[in-house]
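Visitor: curious how this folds, go ahead:
(2 chains)
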Number of protein chains: 2
Amino acid sequence: MPAANVRRRLSVEDRRAELLELGIEIFSRHAYDELSTDALASRAGVSRSLLYHYFRDKRDFYLATVREMAQRLLDATAPDPEQGFEAALRSSLERFVNFVGENPAMYQAIVRGGVGSDREMEDLLEDVRRVSLDRVQDRLGVASPPPALRILLYGWVGFTETATLEWSKSRDLPPEAMVDLLVGTLTSSLPPHLIQPAPGQRP
Amino acid sequence: MPAANVRRRLSVEDRRAELLELGIEIFSRHAYDELSTDALASRAGVSRSLLYHYFRDKRDFYLATVREMAQRLLDATAPDPEQGFEAALRSSLERFVNFVGENPAMYQAIVRGGVGSDREMEDLLEDVRRVSLDRVQDRLGVASPPPALRILLYGWVGFTETATLEWSKSRDLPPEAMVDLLVGTLTSSLPPHLIQPAPGQRP
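Guide: Residues are numbered from 1 along each chain as shown, chains lettered A, B, ... in the order given. Okay, the predicted model is just below:
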């Protein structure tokens, strides 16, 4: 019995992962309100009752999908610990802008939540902001920034979010110029001593 | 009959304005979920049925209240047409930071929607952003900004929103320093020729 149990558990996880994968494809092309639960199940190639076995309702499926997208975005943009602050920031933002350029609807869903935006979506977005902020603070070596720096960093996360959301709709600026805009806004506002590379560290 | 009609209509408007005023007071001190409709009506000193005569339901009352708050924020921060770009920006942001400092819960309700954040709240916030953006573009004299400038201005509105939201929670930075942070982030990113005062204009 244990063996069967293990197999069954794996299969549940695999099936859930498969449904999330389909959810990402579907919600990257369709707004939340556009599809009924029946249409959703039919597009995912499963029965309505199977979908409900894995997710409480359509909203739960949507939330799980957006949460998975947000995790992929964070994974794709982790800063390189070997690089100095500005190089790590630039490389991380290059991957960020590329990710958004390839998955604009996905990014818009994370940031504006499409329809179905609510407290849980807001909490999810706050988590993404918090991780972004922690990464920058960590690379700057300031665990407890003074108020002016904390507020500046928060503001810059909001800058990045809003500017990139606007860019994702038209992509009428080359990705490199977007990266320059995001990097430049932060580095031109930070106290210079914070972004000096440490002796012996690559800039 | 017409006279009575007119009187009745005025009184409807006055009563609605009075309820909105009470709504602003209530929702600046209580979260949306904290109060039942009965508690809300009782705090506003009216019956539940009277409240429902003016507003469809609790959410409708909340939305109307937040819409009124957003309008007051926009009214309080209109740029002075007599001033040059940077002086008008600074004076407008001084009034903005003061407004938020005096009404932090109100600002948080506009920006994060408290509970009850949804498409209508999102649309309302987009309107506030759009007015802020139009004001800056108007003062810069760029009706159709090129992509890099458009995206920068959008980003700065997001910067202002997020930085000020964070500040509103603790207010651990003097208002003047907040204004400097907001003004500096925009002016240091704008092409210098855009913010030169016109000949004969006060800077």
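
Visitor: nearest residue to A:Tyr88 other than its sequence neighbours?
Guide: Just to correct that, residue A:88 is Ala rather than Tyr. A:Pro79 (4.2 Å; C-beta to C-beta, 6 or more residues apart in numbering or on different chains). The way it works is simple: take the backbone N, C-alpha and C, and place the C-beta from them, glycine included.

Visitor: is that neighbour in a helix, a strand, or coil?
Guide: Following DSSP: H, G, I helix; E, B strand; the rest coil, we place A:Pro79 in the coil state.

Visitor: what about the helices in chain A?
Guide: A:2-29, A:37-43, A:48-54, A:58-76, A:85-102, A:104-112, A:119-140, A:147-170, A:175-187, A:192-195 (DSSP state H).

Visitor: and those helices as TSV, adding distance to B:Pro146 and mean pLDDT?
Guide: Listed next are the helices of chain A as TSV, based on distance: least, C-beta to C-beta, whole Å; pLDDT from 0 to 100:
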stretch	distance to B:Pro146	mean pLDDT
helix A:2-29	29	75
helix A:37-43	40	87
helix A:48-54	46	90
helix A:58-76	28	91
helix A:85-102	18	95
helix A:104-112	20	84
helix A:119-140	28	88
helix A:147-170	12	95
helix A:175-187	11	96
helix A:192-195	29	79
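
Visitor: for chain B, what are the nearby residues on chain A?
Guide: A:112-113, A:115, A:117-119, A:122, A:129, A:147-148, A:150-152, A:154-163, A:165-167, A:170, A:172-173, A:177-178, A:181, A:184-185, A:188-189 (C-beta under 8 Å from any C-beta of the partner chain).

Visitor: contacting residues for the residue nearest to A:Ala88?
Guide: For A:Pro79, the contacting residues are A:88-89, A:91-92, A:135, A:139, by C-beta atoms under 8 Å, 6 or more residues apart in numbering or on different chains.

Visitor: would you turn the helices of chain A into JSON lines with mean neighbour count?
Guide: Listed next are these as JSON lines, based on neighbours: other C-beta atoms under 10 Å in any protein chain shown:
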{"stretch": "helix A:2-29", "mean neighbour count": "13"}
{"stretch": "helix A:37-43", "mean neighbour count": "16"}
{"stretch": "helix A:48-54", "mean neighbour count": "15"}
{"stretch": "helix A:58-76", "mean neighbour count": "18"}
{"stretch": "helix A:85-102", "mean neighbour count": "19"}
{"stretch": "helix A:104-112", "mean neighbour count": "20"}
{"stretch": "helix A:119-140", "mean neighbour count": "16"}
{"stretch": "helix A:147-170", "mean neighbour count": "22"}
{"stretch": "helix A:175-187", "mean neighbour count": "18"}
{"stretch": "helix A:192-195", "mean neighbour count": "11"}
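
Visitor: go through those helices and name the closest to B:His30.
Guide: helix A:119-140 (16.2 Å; C-beta to C-beta).

Visitor: chain center to the closest one: distance?
Guide: Relative to its parent chain, helix A:119-140 has a centroid offset of 10 Å by C-alpha atoms, centre = their mean, to the nearest Å.

Visitor: same question, stretch A:153-170
Guide: 12 Å.

Visitor: kindly report the same for stretch A:19-32.
Guide: 15 Å.

Visitor: can you pull the domain assignment for chain A?
Guide: Annotated domains of chain A cover A:2-57, A:65-193 [automatic domain parsing].

Visitor: any chance of those domains in TSV, with distance to B:Asp60 too?
Guide: Output for the domains of chain A, formatted as TSV (distance: least, C-beta to C-beta, whole Å):
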stretch	distance to B:Asp60
domain A:2-57	20
domain A:65-193	17
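
Visitor: among the helices of chain A, which comes closest to B:Arg16?
Guide: Closest to B:Arg16 of the helices of chain A, according to C-beta to C-beta: helix A:119-140, at 28.5 Å.

Visitor: for the closest one, packing partners?
Guide: helix A:58-76, helix A:85-102, helix A:104-112, helix A:147-170 (3 or more C-beta pairs under 8 Å, 6 or more residues apart in numbering or on different chains; DSSP states H and E).

Visitor: quick one: contacts of it?
Guide: Here helix A:119-140 has contacts from A:63, A:66-67, A:70, A:73-74, A:78-79, A:85, A:88-89, A:92, A:110-111, A:113, A:143, A:145, A:153-154, A:156-158, A:160-161, A:186, A:190, A:194-195, B:112-113, B:115, B:117, B:162, using C-beta under 8 Å, 6+ apart.

Visitor: the same query, at a cut-off of 7 Å, please.
Guide: The contact list for helix A:119-140, computed with C-beta atoms under 7 Å, 6 or more residues apart in numbering or on different chains, reads A:63, A:66-67, A:70, A:74, A:79, A:85, A:88, A:110-111, A:113, A:143, A:145, A:153-154, A:157, A:194, B:112, B:115, B:117.

Visitor: what angle sits between it and helix A:58-76?
Guide: Calculated by axes from the mean of the first three to the mean of the last three C-alpha atoms, to 10 degrees, helix A:119-140 forms an angle of 10 degrees with helix A:58-76.
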